[in-house]
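Chemist: What follows is a predicted structure for the sequence shown.
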Amino acid sequence: MAHMREAVMAALSTVNDPELHRDLVSLGMIERAEVDAAGVAHVKVNLTTPACPLKGQIESDVREAVQRVPGVQDVAVTFGAVVRAPAQSALPGVKHVVLVGSGKGGVGKSSVAVNIAASLARDGARVGLLDADVYGPSVAHMMGQGAAKVTATADRKMQPLGAHGVTFLSMANLSPAGQALVWRGPMLHSAIQQFVKDAAWGELDYLIVDLPPGTGDVQLSLTQTVQVTGAVIVTTPQDVALIDAARAIDMFRKASVPVLGVVENMSYFVAPDTGVTYDLFGRGGSRRLGEQFPLLGEVPIDIDLRSDADRGLPGVLAHPDSAASLALAHVARTLAGQISVRSLASLPDQLTVV
Ligand SMILES: Nc1ncnc2c1ncn2[C@@H]1O[C@H](COP(=O)(O)OP(=O)(O)OP(=O)(O)O)[C@@H](O)[C@H]1O
């Protein structure tokens with residue numbers, strides 16, 4: 001059946017990854033292509049992220065192309081995923097570091113970071129979450145681990161905690177609860193360095209970092225400490241928030257950190273009793289930040305999202321079918337797609353299967 005295999009590969013080389021605009025064969029995404037005695041073509045596609053937003057489209061494109069090969073009766077498509085590391089990995093074992101920032105406080109940056117992390121992990125990625133919001137660490141509480149304490153590994157590294165499929169580390173798990181954290185510049189820089197480099201993160205596809213709001217020392221420290229794949233900006237749609245978001249975007253531009261996209265949080269509100277939609281802050285305002293940044297999603301105000309966070313559950317897991325959770329899952333997948341596009345932007349023409 002070797003000639004059949006060749007014919008199937010030829011058919012697959014006409015199928016483009018819709019985001020990467022290259023064919024699946026030259027992208028090294030075909031792990032298996034065989035035709036059995038009954039004429040069933042078995043194709044295994046290795047996606048560039050388990051959180052691939054276009055999996056459904058790739059599946060139907062593959063099916064359509066392979067179905068046309070003479071002698072093929074049926075097509076069975078299976079998927080795997082290998083997240084490609086950038087030319088220079090962020091940290092040993094960590095492929096991508098993604099910063100989640102905001103221009104001003106209270107726009108839901110931590111909520112978005114926690115839910116992106118939980119959503120990517122649910123899709124099958126290996127995900128870490130670092131709470132670098134050292135002035136108001138809320139990630140531990142949102143992960144349901146506010147009272148847990150970080151321990152040391154045998155080789156004296158910090159052992160991150162785990163919850164909801166995500167490996168995470170927060171200052172809140174190092175200091176006594178309720179104690180105000182006062183930081184001076186150099187101390188802050190070394191704390192951030194330790195969080196990133198002296199923690200046993202293990203093997204991760206994505207390390208999501210929840211930054212403090214604004215444009216300050218932590219942001220700078222991080223971009224100097226580690227090779228960052230890019231940043232996500234969380235904003236609400238009203239003018240004041242957008243002005244601050246533009247400032248945050250400018251800071252990342254100056255630090256040569258690509259902005260992977262913008263999340264518009266608290267975009268609108270659907271009254272649960274009447275179903276009427278209210279654009280409280282002017283939905284869609286973040287489009288004015290410019291066309292060059294993909295809008296990763298519009299997340300509505302959602303009472304469950306807030307109460308889930310309060311009881312330590314990521315909304316995407318606790319209420320997966322709510323409009324807010326669906327929007328957040330979309331944000332996570334679109335972000336993963338953007339990261340794949342960036343990692344594969346400067347590829348050689350032909351790749352080997354990994
Ligand atoms: N879409 C939403 N719907 C309802 N409540 C939300 C939404 N997004 C965030 N919240 C709630 O708003 C509050 C602030 O959110 P969060 O802590 O994520 O913001 P932040 O920008 O990280 O704040 P900080 O500036 O303190 O770091 C939390 O109580 C959170 O549960």
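Modeler: All right, it came through fine.

Chemist: Centre of the chain to the longest helix seen in the chain, how far?
Modeler: If each helix of the chain is counted by residues according to DSSP state H, the longest one is helix 323-344. Mean-position distance between helix 323-344 and its chain equals 6 Å (C-alpha atoms, centre = their mean, to the nearest Å).

Chemist: What lies in contact with the one helix or strand in the chain whose mean pLDDT sits lowest?
Modeler: Using mean pLDDT, DSSP states H and E, helix 185-197 stands out as the lowest-scoring helix or strand of the chain, at a mean of 82. With contact meaning C-beta atoms under 8 Å, 6 or more residues apart in numbering, helix 185-197 is reached by 91, 97, 130, 132, 134, 158, 169, 171, 183, 217-218, 221-222, 225-226. The way it works is simple: take the backbone N, C-alpha and C, and place the C-beta from them, glycine included.

Chemist: is the longest helix of the chain anywhere near the ligand?
Modeler: Yes - if you take C-beta under 6 Å from any ligand atom as the test, helix 323-344 does meet the ligand, through Ala324.

Chemist: about what we covered before: quick check: the two most widely separated of the contacts of helix 185-197?
Modeler: Across these, the longest distance by C-beta to C-beta is 22.7 Å; it joins Leu91 and Trp183.

Chemist: circling back: spell out which strands sit alongside whichever helix or strand comes after the least confident helix or strand of the chain in the sheet and which way each one runs.
Modeler: Downstream of helix 185-197, the first helix or strand assigned by DSSP states H and E is strand 204-210. Paired strands of strand 204-210, with direction, are strand 94-102 (parallel), strand 127-131 (parallel) (DSSP bridges).

Chemist: quick one: which of those is nearest the ligand?
Modeler: Across the strands paired with strand 204-210, the minimum distance to the ligand, taken as C-beta to the nearest ligand atom, is reached by strand 94-102, at 5.3 Å.

Chemist: Tell me which helix or strand comes right after that closest one.
Modeler: Helices and strands here follow DSSP H and E; after strand 94-102, the next one along the chain is helix 109-122.

Chemist: domains of this structure?
Modeler: Domains of the chain are assigned by automatic domain parsing as 2-81, 94-344.

Chemist: From the chain's centroid, how far away is the shortest one?
Modeler: Looking back up the chat, that one is domain 2-81. For domain 2-81, the gap between its own C-alpha mean and the chain's C-alpha mean amounts to 25 Å (C-alpha atoms, centre = their mean).

Chemist: ok, now stretch 259-278?
Modeler: Counting by C-alpha atoms, centre = their mean, stretch 259-278 comes out at 20 Å from the chain centroid.

Chemist: does any part of it sit near the ligand?
Modeler: Yes - Stretch 259-278 is in contact with the ligand by C-beta under 6 Å from any ligand atom, via 265-266.
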